[in-house]
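Asks: Model the structure of this input:
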Amino acid sequence: MLDANWPDSWRSAFRIELRAEAIGLAWRGWPVLPGATPAPITGEEDDLTWQRPAPVRENWRELIGTHAHEVATWFSDRTHSLLVATGTVLDAIEVDDELGKSAARLLRTLGHPAPIVAMPNGRWLFLTTAADRIPAELAEHATVQWHSVGSYIPLPPSPFQHGVVHWRVKPEVCGWQLPDADEVHDVLVRALADEQAPLLVESSAA
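Replies: The predicted structure is shown next:
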């Protein structure tokens, strides 16, 4: 977490790391955006209220595809969260911790790794190629959120109020090749079915 009490040298090093990550992703064609950093927590705020980073500019949609040289300037003077717009180069499926762990195990078993991001609020993001739709099983599930056109996601090492976004599976593991959306969707549907199977058995036995 970005701590106001950090020494200046630590804050500077963190800002440099964010800038380097942003430039690296932009050079690979990922639509990087600067995001706001979390406001300091006061004693009156609810610790369970998670405030996600949002773009610092209202015209963020017009910034999609900005060249890496311009991206570098966004992260030079102050600390921003690192956001990536979805719906063009990549999509993301956001799930809870339990489903995330199950799907990650299935992906490893199948030998089809996918970049996975974990957020401090216990939510996971599975990165894929851009898609036109997701399976109904995912779209209709209350804990699943599809980030596509018109959305964005935070990437490491973006700060939250309660921690820092980090990689569960880095893109390097996939050779920076985003997995096909349909393949990851199928795995998530399988993981969701496995998760619900014990509940169905208990319901039928009642």
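
Asks: Straight-line length of stretch 134-142, end to end?
Replies: 14 Å (C-alpha to C-alpha, to the nearest Å).

Asks: what do you get for stretch 69-81?
Replies: By C-alpha to C-alpha, the extent of stretch 69-81 from end to end equals 18 Å.

Asks: Check the gap between the nearest residue to G35 once chain neighbours are set aside and P154 for me.
Replies: Leaving out its chain neighbours, the residue that sits closest to G35 by C-beta to C-beta, 6 or more residues apart in numbering is S81, at 3.3 Å. Any C-beta I mention is one placed from the backbone N, CA and C, and that applies to glycine too. Using C-beta to C-beta, to the nearest Å, one obtains 6 Å as the distance from S81 to P154.

Asks: Which residues are in contact with each of these two?
Replies: With contacts defined as C-beta atoms under 8 Å, 6 or more residues apart in numbering, the residues adjacent to both S81 and P154 are 35, 53.

Asks: the more surrounded of the two?
Replies: Under the neighbour definition other C-beta atoms under 10 Å, S81 and P154 were set side by side, and S81 has more, 25 against 22.

Asks: gap between that one and I16?
Replies: Remark: distance between S81 and I16 (C-beta to C-beta) = 15 Å.

Asks: To what extent is Q51 buried, counted in neighbours?
Replies: Number of residues near Q51 (other C-beta under 10 Å) recorded here: 14.

Asks: mind checking how far it is from S81?
Replies: Following C-beta to C-beta, the distance that separates Q51 from S81 is 11 Å.

Asks: Then I153?
Replies: 11 Å.

Asks: try L192
Replies: L192 sits at a distance of 29 Å from S81 (criterion: C-beta to C-beta).

Asks: try V89
Replies: If you measure V89 against S81 using C-beta to C-beta, the figure is 19 Å.

Asks: Then N121?
Replies: 14 Å.

Asks: What of A114?
Replies: Using C-beta to C-beta, which is the criterion applied here, A114 is 22 Å from S81.

Asks: again with E137
Replies: Counting by C-beta to C-beta - E137 and S81 are separated by 31 Å.

Asks: roughly how far apart are L82 and G35?
Replies: Between L82 and G35 the distance is 7 Å, computed by C-beta to C-beta.

Asks: Give the residues shared as contacts by the two.
Replies: Overlap of the contact sets of L82 and G35 (by C-beta under 8 Å, 6+ apart) consists of 154, 158.

Asks: Sketch out the low-pLDDT regions of the protein for me.
Replies: 1-11, 38-50, 196-206 (pLDDT under 70).

Asks: mind running it again at 80?
Replies: Applying pLDDT under 80 to the predicted model, the residue ranges of the chain that meet it are 1-14, 37-52, 77-79, 160-162, 195-206.
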